[in-house]
Each structure stands twice: as C-alpha cells, then as structure tokens.
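Student: 3D model of this:
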Amino acid sequence: MKQLQDKPAGKDDGLQRALVTPMQRRMFMRYAGATAAVTTLLFATTSCDDDDDTDLDPMAVDLGSGDVGVLNYAYALEQLEAAFYTEVVAKSLGMFSQAEQQIMQDLKGHEGIHRDFLKAALGTSSIPDLEVNFSAINFNDKNSILTTASTFEDLGVAAYNGAGRLLENAGFLTLAGKIVSVEARHAAVIRDMISNGTFSDSANNMGLDPAMMPADVLAAAAPFITTKISANNLPK
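Tutor: Numbering: from 1, shown residues only. Below you'll find the predicted structure:
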C-alpha cells in the first residue's frame, strides 16, 4: 500500500480565466499549485445542495455532493493514475525504448498536473490522500504495465464522459473537457504501444467513446484503491 502525497494549495484569483483559455504546460503547473480561491465558487454553486449522508460507511471517504463531489470523484481517479505512472517511471523505465520512456514520463507529468490542479481547485473541500494497492501489477513485465495503463486510461475517459452531465458550473465542465481530451490521447498512445494501429479501438460504431457512471467506475477501480470511497451523495 502507498500513501499519496500532494502539495498544499495556494491562492490565485485568475483560475476562472484559466479554465476557458489555452494553457501551456508550465503555466498549467503554476495554476495547479495556486488555485485554492476557487473554493469560494465551489461553495457558491453547491450551497443549495442537500448533504444527505444516509447509508454512509463511517470508514469511507465521502466525495461530497454537487460540483464539489464530482470534482473530488475526478481527483480520486487522478490520484490513482498519477500514483501508477510514478511507480512505472521509478521501477520500470528500463524495459521501454527511449521513445516509450519519454511517453511514460509525459504521462506521469500530465497525471500529476491533473491531480495537483484538482486538489488546488478543491482547496479545503478536497478528499484526503488515498492509499493505493498495486500488488496485482507486475512492474517487471511490460505487458502487465501496458495492460494496466490501458485499463486506467479507458476508465478515466469513461468516467469523465459519464460525470460531465452531473456538473452544474460551466467553468468546471470546461475544465473536465480539457482533462478528458488529454486522457483520451493517453488511452490512444497506450493502445498503440500494445498493438500498432489500435488507437481508436475504444470508440463504438458511432465514433463515440463509452461513458460510465461513478458507481461503476469506482467499482472497477476498487481493487487498486485501499481507501474506501463513498459516492452516495454525488448528483444523480
């Protein structure tokens, strides 16, 4: 089991502008560590939500309700992905080609940015660091790593696609759209690393990626997350 560590959030009144304008990687990283002021907007957009805590496991981490809950849901998944690629880069780079090593390092960087950005945006409303369990993954086997990466990336895309309609604030929906487009690129490159030319195999016959609701996504991710998570208060 591994306890994830995140940087403390700072403050920056320009977050809302950042949500709707192009952002280079360094600038995105700057906002990732400096956007806790958005917490005020989060509370403003969810203050009318009822906090129905019925049927909660007292040992579970509650994602919350309204837009806060949806962003915490995304944050939980980004913690999982960031932790996975951190392990890959630390333990397994030697079995990849030079070009593939750069891909893995880029994926680690992207997922870390997503995780830190969401944590900063949520501020004091963010869920705690999650404990993950990667004991089922063989980090000495390239196929095991790529298969797991494909599972996580496809799951992430389906999760954002399913949760987008649950968001009420247009700025947060824009943010989710920016992240899911990157996650889809991750899924495509991992598929091609497994078998060249399969980058779009996840799309259905209408050219659309799948969408999954939070309960199904969390059930699929549960074997890799030791911390119990409750999504009972998320919007329906």
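Student: What's the local residue count around the nearest residue to Thr226 once chain neighbours are set aside?
Tutor: In space, Thr226 comes closest to Glu131 once its chain neighbours are excluded; the distance is 4.0 Å by CB to CB, 6 or more residues apart in numbering. In short, each C-beta sits where N, CA and C put it, glycine included. A count of nearby residues for Glu131, using other CB atoms under 10 Å, gives 15.
Student: likewise the one 3 residues further on?
Tutor: Here the number of neighbours of Phe134 (other CB under 10 Å) works out to 18.
Student: swap in Thr226?
Tutor: There are 13 residues near Thr226, going by other CB under 10 Å.
Student: quick one: contacts for it?
Tutor: Residues in contact with Thr226 (CB atoms under 8 Å, 6 or more residues apart in numbering) are 1, 130-133.
Student: thinking again about what came up before, surely the residue nearest to Thr226 is in contact with Thr227?
Tutor: Yes: assessed by CB atoms under 8 Å, Glu131 is found in contact with Thr227 at 4.9 Å.
Student: for stretch 143-158, the distance to its chain's centre please.
Tutor: Counting by CA atoms, centre = their mean, to the nearest Å, stretch 143-158 is centred 13 Å from the centre of its parent chain.
Student: on that earlier part again, and which of the contacts of Thr226 is nearest Ser92?
Tutor: Top of the list for closeness to Ser92, among the contacts of Thr226 and by CB to CB, is Val132 at 16.1 Å.
Student: Give me the pLDDT for that closest one.
Tutor: We have a pLDDT of 97 for Val132.
Student: what does Met59 give?
Tutor: Per-residue pLDDT puts Met59 at 82.
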